[in-house]
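What shape does this take:
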Amino acid sequence: SDRALDLLEIAALVYAVDASVSRGGLALQQMGRKWHRRFAVEMPVRDCDFWQQSEVKRSLEELLMFLSGDRFSFEFVPTPHPEAERSRFFRFGDETAWSPDRVLMFSGGLDSFAGALAEIAEHGHRVALISHTSAPKMAPIPRNLQKAINEHLGEHSSRHFPVGMHLEGHRKAEGTHRSRSFLFAALGAVFANAFGQDRVSFHENGVVSLNLAPVENVKGTRATRTTHPKTLQLMTRLLTMVFEGGMRVDNPFFWRTKTEVLETISRLGMAGQIRHTRSCADVHNQTRQHVHCGRCSQCIDRRFAALAAGLEAEDPAEAYKVDLMTGSRTRAEEREIALSYVRNAELYEQLTPEILEQHFPDVLNAVSNLEEPAPTALAMITELLKRHGTSVAGVMGDALVGRSSGSYPANSLPRMHGDEKRQQMFAAPTPVEAIPADPGPESLT
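Below you'll find the predicted structure:
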């Protein structure tokens, strides 16, 4: 429909603008607070009357502001070519009677793979798997995983619908891609609408969805909010306006940890495919030998989860350029990413709802957008994070069984973590200023 094509082109333009304008580079300190950008967008659309409605524009701009931290303002004008080619975004295959029960976003990562398995094996659904690829080297990953799913669960259990969309003739100036999930959701919604469905699902574990910023330099725009509960609510609000039958965007895995996601894959008989999924953020530098960098937070999270689930044999250590425990982390940023991951997990293990709200007030953005009473949601999130913290602490403990942290290489995670603990233990206590006793109310004379 006109409106659906407009949505795709708006999402594509936002993605292109995001990738084309640098936020300032990694050298900029406190980058999260200083990387905000402003974009004024004027673009032609087919259904101009709809997109110019103040409620629609406000919904679009609020979504992008929360998702990316950038301020977009839109002005829409009628397109001079309303009857231009309508199928250029898609390559349709042969006609078929196949139709899905559910439409899922499928990145080729552990969580989306586990989500597809759960929908088919546990709920008996046929699923349409929607992928967006911007790097050619990543295109075979979701395709091959989908083939493995059908070989294991039946040839009609799923179909894969990849969409390629990338910049042409321009070099990417910004790699954070905070707006990418808007493009992803728009693609999913268009497919869902075409199949007569009113729901699109991202499968992402709740710890990543919350993405509580552990250190100063990942606040703001560098703290991705791809599947944050508020993001999904804002997407649902906009897409319900675009599609007259309504469109819900949800995350069925919000109450699972990464370790529990891996356990789902194993329980459903496809642990052998874990090694074929991809989690690394550094796609550009991937090689055949090292498909995971081992330095980014996604790699660290994946490896901790594999070890905690007892599935390290299915996630080979040699696939990581930097080993989780023995690898040397030379850059300050890489060291802080690894240390803050463990530091946060240790805090999570001791959480109460009160401590969670005090240390991570951003969690209230999630609490207010979950389908639970606020106290219940806060307690459930606390338990989710505690399970994650216990998993990470167990892996760190296993690494130190019969071996001291000082025996690990310099700049390795156990060595740095041990050094940090010793510094805290022997740090001088903070002086406490004496406070005069309250003399009480003055006596009346």
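
residue contacts, the nearest residue to residue 263 once chain neighbours are set aside?
Distances taken as CB to CB, 6 or more residues apart in numbering put residue 309 closest to residue 263, at 5.2 Å, once the chain neighbours are dropped. Every residue, glycine included, has its C-beta placed from N, CA and C. Listed by CB atoms under 8 Å, 6 or more residues apart in numbering, the contact partners of residue 309 are 259, 262, 263, 266.

And residue 111, by the same measure?
Residue 111 sits next to 203, 204, 205, 208, 253, 258, 261 when contact means CB under 8 Å, 6+ apart.

now the residues you listed in a markdown table, with distance to residue 21?
Converted to a markdown table, those look like this (distance: CB to CB, whole Å):
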| residue | distance to residue 21 |
| --- | --- |
| 203 | 31 |
| 204 | 27 |
| 205 | 31 |
| 208 | 26 |
| 253 | 32 |
| 258 | 32 |
| 261 | 34 |
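
from these, which has minimum pLDDT?
Ranked by pLDDT, the contacts of residue 111 bottom out at residue 208 (93).

For the host helix or strand of that residue, which helices and strands make contact with it?
Using DSSP states H and E, residue 208 maps to helix 206-210. If contacts are counted by 3 or more CB pairs under 8 Å, 6 or more residues apart in numbering; DSSP states H and E, helix 206-210 sits against helix 363-367, helix 374-399.

I'd like the ones you listed written out as CSV, with mean neighbour count added.
Shown next, in CSV, are the helices and strands packed on helix 206-210 (neighbours: other CB atoms under 10 Å):
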stretch, mean neighbour count
helix 363-367, 18
helix 374-399, 18
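
Residue 299 is nearest to which of these?
Nearest to residue 299 among those is helix 374-399; the distance by CB to CB comes to 14.2 Å.

What are the buried residues along the helix or strand following that closest one?
Next helix or strand after helix 374-399 toward the C-terminus (DSSP H and E): helix 413-426. For helix 413-426, a neighbour-count test (16 or more other CB atoms under 10 Å) marks 413, 414, 415, 416, 417, 418 as buried.

Now do the second one against residue 205, distance only.
As for residue 414, its distance to residue 205 is 25 Å (criterion: CB to CB, to the nearest Å).

Where does pLDDT dip in the protein?
By pLDDT under 70, the weakly predicted segments of the chain are 24-35, 86-95, 134-135, 170-177, 214-224, 428-445.

let's go with 50 and repeat that
For the chain, applying pLDDT under 50 flags the ranges 27-30, 215-222, 435-445.

show me where the stretch 151-300 of the chain has helices.
180-194, 206-210, 229-242, 258-267, 297-308 (DSSP state H, counting those that start in this stretch).

will you turn these into a markdown table that also has distance to residue 401 and mean neighbour count?
Shown next, in a markdown table, are the helices of the stretch 151-300 of the chain (distance: least, CB to CB, whole Å; neighbours: other CB atoms under 10 Å):
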| stretch | distance to residue 401 | mean neighbour count |
| --- | --- | --- |
| helix 180-194 | 40 | 25 |
| helix 206-210 | 25 | 24 |
| helix 229-242 | 38 | 22 |
| helix 258-267 | 19 | 22 |
| helix 297-308 | 13 | 23 |
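
Redo these as JSON lines? Include distance to residue 354.
Formatted as JSON lines, the helices of the stretch 151-300 of the chain follow (distance: least, CB to CB, whole Å):
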{"stretch": "helix 180-194", "distance to residue 354": "32"}
{"stretch": "helix 206-210", "distance to residue 354": "17"}
{"stretch": "helix 229-242", "distance to residue 354": "21"}
{"stretch": "helix 258-267", "distance to residue 354": "25"}
{"stretch": "helix 297-308", "distance to residue 354": "26"}
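
Show me the one of the ones you listed that comes nearest residue 367.
When the helices of the stretch 151-300 of the chain are compared by CB to CB, helix 229-242 sits nearest residue 367, at 8.3 Å.

what residues does the closest one touch?
Contacts of helix 229-242 (CB under 8 Å, 6+ apart): 3-4, 7, 55-56, 59-60, 62-63, 66-67, 181-182, 185-186, 189, 202, 209, 225, 246-251, 254, 365-366, 368-370.

so how far is the first residue of stretch 149-157 from its last?
8 Å (CA to CA, to the nearest Å).

What of stretch 338-358?
End-to-end for stretch 338-358, by CA to CA: 23 Å.

would you list every one of the strands in the stretch 201-350 of the chain?
For the stretch 201-350 of the chain, the strands defined by DSSP state E, counting those that start in this stretch cover 248-250.

so what's residue 268 up against?
By CB under 8 Å, 6+ apart, the contact set of residue 268 is 114, 117, 118, 121, 122.

can you rerun that using 6 Å?
117, 121 (CB atoms under 6 Å, 6 or more residues apart in numbering).

And the one 3 residues further on, by the same measure?
Residues in contact with residue 271, defined by CB under 6 Å, 6+ apart, are 265, 314.

Residue 132 bridge partners, please.
Assessed by DSSP bridges, residue 132 has beta-bridge partners residue 163.

What is the burial count for it?
23 (other CB atoms under 10 Å).

And residue 331, by the same measure?
Using other CB under 10 Å, residue 331 has 11 neighbouring residues.

So what does it look like in phi/psi?
For residue 331, the backbone dihedrals (degrees, to the nearest 10) come out as phi -90, psi 150.

Please report the distance of it from residue 337.
The spacing between residue 331 and residue 337, counted by CB to CB, is 9 Å.

what do you get for residue 59?
Relative to residue 337, residue 59 is positioned 34 Å away (CB to CB).

Now do residue 142: how many residues are near it, please.
Residues near residue 142, counting by other CB under 10 Å, number 26.

Tell me the secondary structure at it.
Classification of residue 142 using DSSP: H, G, I helix; E, B strand; the rest coil returns helix.

which residues touch the residue lying closest to it once chain neighbours are set aside?
Distances taken as CB to CB, 6+ apart put residue 108 closest to residue 142, at 4.0 Å, once the chain neighbours are dropped. By CB under 6 Å, 6+ apart, the contact set of residue 108 is 141, 142, 145, 278.

And the buried ones among those, selectable in ChimeraX?
Paste this into ChimeraX to select the buried members of these, with burial taken from 16+ other CB under 10 Å:
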select :141,142,145,278
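
Pipe the contacts of residue 108 into CSV and attach distance to residue 132 per row.
Output for the contacts of residue 108, formatted as CSV (distance: CB to CB, whole Å):
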residue, distance to residue 132
141, 12
142, 10
145, 15
278, 14
